[in-house]
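Q: Here you go, sequence then predicted model.
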Amino acid sequence: MGKETYQEMSSSTEETLIVVKPDGVRRGLVGEILGRFETKGFVVKRLQMLTMSKPQAEEFYSVHKEKPFFKELVAFITSGPVVGAVLSGKDAVATVRRMVGATKSWEAAAGTIRGDFGLGLTDNTIHASDSAESFTKEQAAFFSKTKG
């Protein structure tokens, strides 16, 4: 049997979005992070580097609009280039979230992306959609042509 991806082994594939945040891009971690997902068997379906505009970031993080940390999230995600990728594979949302680790990088297990690379709460290297519904909304906001 050859090297099969999750997608080839199962018809129950789904897509999810990851975004390597400005701290991860600045530190040169994009290739390492994407490589972890490819090694796991995920297929990169879409890939884009951009600097998010403020309106784009506000839409992306709209679920947190009423929370006290909303402005900080928007300011951080717009502070430099980010890399977004749509990943496809078996149980993509749940598996990617496990690989990413806890939001607070100091609580994330060693071996997870945030556990290995995260430096704090906002500067935790990566965002990952937490549900199929979030993926649909977030990828539309991320890949939109909205300009600030």
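A: That came through, no problem.

Q: Could you list the low-confidence segments of this protein?
A: Within the chain, the segments meeting pLDDT under 70 span 1-11, 145-148.

Q: Helices of that one, start to end?
A: 6-9, 22-26, 30-40, 54-60, 70-77, 92-100, 113-117, 132-142 (DSSP state H).

Q: Of all those, which one is nearest Asn124?
A: Among those, helix 113-117 comes nearest to Asn124, with 5.0 Å by C-beta to C-beta. For every residue, glycine as well, the C-beta is placed using N, CA and C.

Q: what sits against the residue nearest the centre of the chain?
A: What sits nearest the mean C-alpha location of the chain, by C-alpha atoms, centre = their mean, is Ile18, with 2.0 Å. Ile18 makes contact with 33, 37, 84-85, 87, 96, 100, 126-129 under the criterion C-beta atoms under 8 Å, 6 or more residues apart in numbering.

Q: For it, give the beta-bridge partners.
A: Ala85, Ala128 (DSSP bridges).

Q: From Phe60, how far out is it?
A: Going from Ile18 to Phe60 by C-beta to C-beta, to the nearest Å gives 13 Å.

Q: Alright, I will stop here.
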